[in-house]
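Student: Let's see this in three dimensions:
(chains A and B)
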Protein chains: 2
Amino acid sequence: MALIVQKYGGTSVGSPERIAAVAEKVMGYRQRGDDVVVVVSAMSGETDRLIKLAKAICTNPDPRELDVLLATGEQATIALLCMAMNDRGCPARSYTGQQVQILTDSAFNKARIQDIEGARVRKDLSEGKVVVVAGFQGVDELGNITTLGRGGSDTTAVALAAALKADECQIYTDVDGVYTTDPRVVPNARRLDRITFEEMLEMASQGSKVLQIRSVEFAGKYNVPLRVLHSFQEGAGTLITYEDESMENPLISGIAFNRDEAKITVLGVPDQPGVAARVLGPVADANIEVDMIVQNISPAGDTTDFTFTVHRNDYDKAMSIIQAVAKDLGAREVSGDNKIVKISLVGVGMRSHAGIASTMFKALANEGINIRMISTSEIKVSVVVDEKYLELGVRALHDVFQLDKAS
Amino acid sequence: MALIVQKYGGTSVGSPERIAAVAEKVMGYRQRGDDVVVVVSAMSGETDRLIKLAKAICTNPDPRELDVLLATGEQATIALLCMAMNDRGCPARSYTGQQVQILTDSAFNKARIQDIEGARVRKDLSEGKVVVVAGFQGVDELGNITTLGRGGSDTTAVALAAALKADECQIYTDVDGVYTTDPRVVPNARRLDRITFEEMLEMASQGSKVLQIRSVEFAGKYNVPLRVLHSFQEGAGTLITYEDESMENPLISGIAFNRDEAKITVLGVPDQPGVAARVLGPVADANIEVDMIVQNISPAGDTTDFTFTVHRNDYDKAMSIIQAVAKDLGAREVSGDNKIVKISLVGVGMRSHAGIASTMFKALANEGINIRMISTSEIKVSVVVDEKYLELGVRALHDVFQLDKAS
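Tutor: Okay, here's the model as predicted:
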């Protein structure tokens, strides 16, 4: 008998019929003898409907009140799901974030979980009930309703699993697991049976949208085995866990990519201590997130060249900031390109195997793809290439590392 | 500077535009220096939408979960109204029933308020904030969300006004006050400046739909001056308060009527102690509410005749119960009529003035209206007449007591 926390997203509970299907899925686990805690999101479309209502009232809704409004979305779902289970003879009991309680800080709209009081949930489980908890929401120490920001339901599920010391946290989605890369780009992409937390973090932050980064971090921190599964199809999904010493890890687990990149280059900046901060400080001050940063000695000698990437939406803003900065610093030239993409190879096996990067660069060269930037970490190699080469590059890498075959 | 509790119903907050209008109305009071606590219902249509969702899940939703679901309706409204005020520079803060806390018993779907903790509300008021509270909902001592049943928002407002010792509780509706009778029946019906709690109770229970009976009882019990006003029209409305010794009360304050009545008569029941209970007990056991009850010695001698009225929807059910009972008791005959209505004169002035009833009977006789039943209380005379005479009877009585003129 295991204790399982299951999370169902908005699409999985998007209609009364789907809520009924989820009820029966949960009851299947219950009947096998597992204790089940279910975390649900708002029904798909509901959060957008509520935001639209708020925007009809004013353009900048008060953050505290926005959370009071948005929290109703998940509250409706927990009630409906419990009704469906109770109606089928399976005792179930709903809890809002406030009722659990899921204690957060007071950062409305993007609160962080600080503590979870699991006593009521444990009591219900011991009485044979299924417990259904509203995802995405909590309460601060003053009793104000807070939300964790979009996608926060994954984090709720992982945090609950950690607090209850659950055996597994299952995230039900509209895909049947984590793939070696996006199957829409590479038709023979392969579902991974397992992947490490570190790899999953790189995959997620590199543009694979299956799981929220925060929930993966949280799961890694508290060592909660995480499983991604399809809501309405059978299958074992992908287990995200710690590296297992007993098995040989594959060189490369997957290929992530990000289409929405833009890069900005400042050439011929006088090479003095603190110059990186002087270039990038104003960009950060404008709340623009910088992803890759590359600095090189300029061939000219006593100057240096910077290149960094930002989200394509921030390109124009970042460009005008950098042009002003470059003038102040006496830089020679500023150039930019917002038609680039990033492709990343991810794998814990890289640590112990040389030659991954050179195989990657050769494969891209064979396809005539020019690499514009390179950045590496312990378990990742990222390259920036022209937008038009995205699909070609990803497919070439998937082939050369034979990711369609289980290693 | 007064402390005012204002309640706005679903129609008054039925759209973003109306919520904005309510925000400005509240701010008007605030700017005049009053402290304001606002109680709101769910946006019109929202509760029905939620019930429809629940019914799509199952025919008999779990009562606890139904309350979790329904409570989201008012929660959305409090957030939207606070957004509208904050956006206009008026600090406002929302509270759910759970947050206030409005402590109720655990009778889901029809909970009763037991206590209100007003500390947080008072603190906000002392800081110059408008406080917006979700009507219709509370929390039991175990932390479960409860609802008070439909129309419970009026009760929330009155209970809050009592707990906070407010100077006045204002109920904003789609009518501009309490009228001498329904203006759709009597075009020259007059808005009353004031009416006593007792009269209002009789008016409400006799079919005048302006206020929920429970909220009037509550207001009377805790002596909270209650005012009925129109949400979007100017005007002083009607003040419901205790009888003011200093002023002469009018003989008659108003005429209530009820279209949905039916009557059942049992003739020739052996006149023994306990016979009333034996006739009416089975009706009560079937959860049928009995309104008027009249018992007379039968002209025959040692038997008695009973007549009582029920809601027209319960007529068939009550009739079949009574036919069985009558057989058991050896009653001579059972008859019934579901085409009757009740008309009631209401006024605290009746206490000290004789002749009201006879003036009433004479006025009805002058119109050729046959009275089928009579029942009186200290401040009320009710008659049952054939359905077809309703409008004629109400108009005749409104005329004869000159209710169109302020007394």
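Student: Next, count neighbours for the nearest residue in space to A:Thr304 that is not next to it in sequence.
Tutor: Closest residue in space to A:Thr304, ignoring its immediate chain neighbours: A:Asp271 at 4.3 Å, by Cβ to Cβ, 6 or more residues apart in numbering or on different chains. For glycine as for every other residue, the C-beta is placed from the backbone atoms N, C-alpha and C. Neighbourhood size, A:Asp271 [other Cβ atoms under 10 Å in any protein chain shown]: 15.
Student: Ok, A:Ala157 next?
Tutor: 31.
Student: Not counting sequence-adjacent ones, nearest residue to A:Thr155?
Tutor: A:Ser215 (4.6 Å).
Student: Residues touching the strand or helix carrying A:Tyr29, excluding its own?
Tutor: Element membership for A:Tyr29 (DSSP states H and E) is helix A:16-31. Applying Cβ atoms under 8 Å, 6 or more residues apart in numbering or on different chains, the contact partners of helix A:16-31 are A:4, A:6, A:8, A:11-13, A:36, A:38, A:40, A:43, A:77, A:80-81, A:84-85, A:88, A:90, A:130, A:172, A:231-232, B:53, B:56-57.
Student: Which ones among those residues lie within strands?
Tutor: A:Ile4, A:Gln6, A:Tyr8, A:Val36, A:Val38, A:Val40, A:Val130, A:Tyr172 (DSSP state E).
Student: The first one bridge partners, please.
Tutor: On the basis of DSSP bridges, A:Ile4 takes part in beta bridges with A:Val36, A:Glu168.
Student: Which residue ranges make up each domain of chain A?
Tutor: Domain ranges of chain A: A:3-174, A:255-400, per automatic domain parsing.
Student: Now do the closest residue to A:Gln6 other than its chain neighbours, the pLDDT please.
Tutor: Excluding the flanking residues, the one nearest A:Gln6 by Cβ to Cβ, 6+ apart is A:Gln170, at 4.7 Å. Turning to A:Gln170, the model gives it a pLDDT of 97.
Student: go on, A:Asp244?
Tutor: 68.
Student: Enumerate the residues of the stretch 101-250 of chain A near chain B.
Tutor: A:Arg120, A:Gly143, A:Ile145 (Cβ under 8 Å from any Cβ of the partner chain).
Student: circling back to that earlier point, any figure for the gap between the residue nearest to A:Thr304 and chain B?
Tutor: 50 Å (Cβ to the nearest Cβ, to the nearest Å).
Student: Now that we're looking at that residue, what pLDDT does it have?
Tutor: At A:Asp271, pLDDT is 81.
Student: That one contacts A:Asn296, doesn't it?
Tutor: No. In this structure, A:Asp271 is not within contact of A:Asn296 by Cβ atoms under 8 Å, at 10.4 Å.
Student: just to revisit the earlier point, please pick the buried ones from the contacts of helix A:16-31.
Tutor: A:4, A:6, A:8, A:11-13, A:36, A:38, A:40, A:43, A:77, A:80-81, A:84-85, A:90, A:130, A:172, A:231, B:53, B:56-57 (16 or more other Cβ atoms under 10 Å in any protein chain shown).
Student: in the longest strand along chain A, what's buried?
Tutor: Using DSSP E to define each element, chain A has its longest strand at strand A:254-270. Along strand A:254-270, these residues count as buried under the neighbour rule (16+ other Cβ under 10 Å): A:254-258, A:261-269.
Student: What is the most widely separated pair among these?
Tutor: A:Gly254 and A:Gly268 (38.3 Å; Cβ to Cβ).
Student: Is the longest helix seen in chain A in proximity to chain B?
Tutor: Using DSSP state H, we find that the single longest helix of chain A is helix A:63-87. Yes. Against chain B, helix A:63-87 shows contacts by Cβ under 8 Å from any Cβ at A:64-66, A:68-69, A:71-72, A:75-76, A:78-80, A:82-84, A:86-87.
Student: now the strands for the stretch 251-400 of chain A?
Tutor: A:254-270, A:290-297, A:303-311, A:333-346, A:373-377, A:380-386 (DSSP state E, counting those that start in this stretch).
Student: returning to what we had before: filter the residues of helix A:63-87 next to chain B down to the buried ones, ChimeraX style.
Tutor: Of the residues of helix A:63-87 next to chain B, the buried ones can be selected in ChimeraX as follows, counting by 16+ other Cβ under 10 Å:
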select /A:64,65,66,68,69,71,72,75,76,78,79,80,82,83,84,86,87
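Student: In PDB, list the C-alpha atoms belonging to stretch A:160-178.
Tutor: What follows is stretch A:160-178, C-alpha atoms only, in PDB (Å, rounded to 0.1, in the frame of the first residue of the first chain):
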ATOM      1  CA  LEU A 160       2.200  18.000  -0.400                       C
ATOM      2  CA  ALA A 161       4.000  14.800  -1.400                       C
ATOM      3  CA  ALA A 162       7.100  16.000   0.500                       C
ATOM      4  CA  ALA A 163       5.100  17.100   3.500                       C
ATOM      5  CA  LEU A 164       3.200  13.800   3.600                       C
ATOM      6  CA  LYS A 165       6.400  11.700   2.700                       C
ATOM      7  CA  ALA A 166       4.400  10.200  -0.200                       C
ATOM      8  CA  ASP A 167       5.900   7.300  -2.100                       C
ATOM      9  CA  GLU A 168       5.300   9.100  -5.500                       C
ATOM     10  CA  CYS A 169       4.000  12.300  -6.900                       C
ATOM     11  CA  GLN A 170       2.200  11.700 -10.200                       C
ATOM     12  CA  ILE A 171       1.600  14.600 -12.600                       C
ATOM     13  CA  TYR A 172      -1.100  13.800 -15.100                       C
ATOM     14  CA  THR A 173      -0.900  15.900 -18.300                       C
ATOM     15  CA  ASP A 174      -1.900  15.700 -21.900                       C
ATOM     16  CA  VAL A 175       1.400  14.000 -22.900                       C
ATOM     17  CA  ASP A 176       2.300  10.400 -21.900                       C
ATOM     18  CA  GLY A 177       5.800  11.300 -20.500                       C
ATOM     19  CA  VAL A 178       9.000  13.200 -21.200                       C
END
